[in-house]
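A.B. asks: Mind looking at a prediction? Sequence and model below.
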Amino acid sequence: RRYEVAAGESGEDDAATVERVAAWLARNRGRQEQRPAVFTVIIGAAAVADSAFTARVKTIMQHQQIERGCLGFGLPAALWREPDKALGRFLGECEALGCGVLLDDYTLRHDAVALLRYPAVRCLKIDAHLTAHAMTDRVTHAELAAIVQAARVLGLHCVAKSVASQAAAKWLAAAGLDFADRISDERK
């Protein structure tokens, strides 16, 4: 089971969102203990750049007794497509905490393969363009196949983003993707 949590509309910062999710997990231990269960908090650039963010997350996890591997972070493409020292530090700290990282809108462009060297990266949410066109365009199909194969070798999960139909979801599953996010209803 994979859950994604975005910051509240109240404008709370990413650490406050993590604290809210951790408190919910502490109150609902049954959800946390379902195997595998991962709660991914989508974070912004400020959290990645702030060296104190992961220290605060560590304190929150210890206080709420959140198990390693249960909490993770989702990085929008804008954060990982231009890797810098802060991103490398953040990924290293996430690994030390046992927090997996999801790379959103993943493609093979933008030196994305280099990020797969970080053990904290555990999930690739495939760019919607790739999942939408892989069945009809052979170059896109080849790129998707390369990503899926790399993920298998590295033990990563792949998520198909914005899947158009149940038939497309079945095709993507046969191609090796583990999860489908937002499957549209064909009857609409």
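C.D. replies: Right, received. Where do you want to start? Numbering: from 1, shown residues only.

A.B. asks: For the closest residue to E93 other than its chain neighbours, identify the helix or strand it belongs to.
C.D. replies: With sequence-adjacent residues excluded and distances taken as Cβ to Cβ, 6 or more residues apart in numbering, E93 is closest to T54, at 4.0 Å. No exception for glycine: its C-beta is placed from N, CA and C like everyone else's. Take DSSP states H and E as the rule and T54 turns out to sit in helix 53-64.

A.B. asks: any residues touching the following helix or strand past that helix, and which ones?
C.D. replies: The helix or strand immediately downstream of helix 53-64 is strand 71-75, counting by DSSP H and E. Strand 71-75 has contacts (Cβ atoms under 8 Å, 6 or more residues apart in numbering) with 4, 18, 21-22, 25, 38-43, 47-48, 57, 61, 94, 99-104, 122-123, 125.

A.B. asks: Next up, the contacts around L177.
C.D. replies: 126, 131, 148, 158-160.

A.B. asks: doesn't it fall inside a helix?
C.D. replies: No: secondary structure of L177 (DSSP: H, G, I helix; E, B strand; the rest coil): coil, not part of a helix.

A.B. asks: Show me just the buried residues among the contacts of L177.
C.D. replies: 126, 131, 148, 158-160 (16 or more other Cβ atoms under 10 Å).

A.B. asks: Tell me where the model's unsure across the protein.
C.D. replies: 1, 8-11, 31-36, 184-188 (pLDDT under 70).

A.B. asks: mind listing the helices for it?
C.D. replies: Here the chain has its helices, by DSSP state H, at 14-27, 29-33, 45-49, 53-64, 77-80, 85-97, 112-115, 128-133, 138-154, 166-174.

A.B. asks: Determine which of those approaches A180 most closely.
C.D. replies: Closest of the helices of the chain to A180 is helix 166-174, at 4.4 Å (criterion: Cβ to Cβ).

A.B. asks: Next, the buried residues of stretch 158-172.
C.D. replies: Per 16+ other Cβ under 10 Å, stretch 158-172 contains these buried residues: 158-164, 168-169, 171-172.

A.B. asks: May I ask which two of these are separated the most?
C.D. replies: Based on Cβ to Cβ, the longest span within these runs between C158 and A164 and measures 17.1 Å.

A.B. asks: quick one on the thing from earlier: contacts for the helix holding T54?
C.D. replies: So helix 53-64 is contacted by 14-15, 18-19, 22-23, 25-26, 47, 66, 71, 90, 93-94, 96-97, 99 (Cβ under 8 Å, 6+ apart).

A.B. asks: how about a cut-off of 6 Å?
C.D. replies: 15, 18-19, 22, 26, 47, 93, 97 (Cβ atoms under 6 Å, 6 or more residues apart in numbering).
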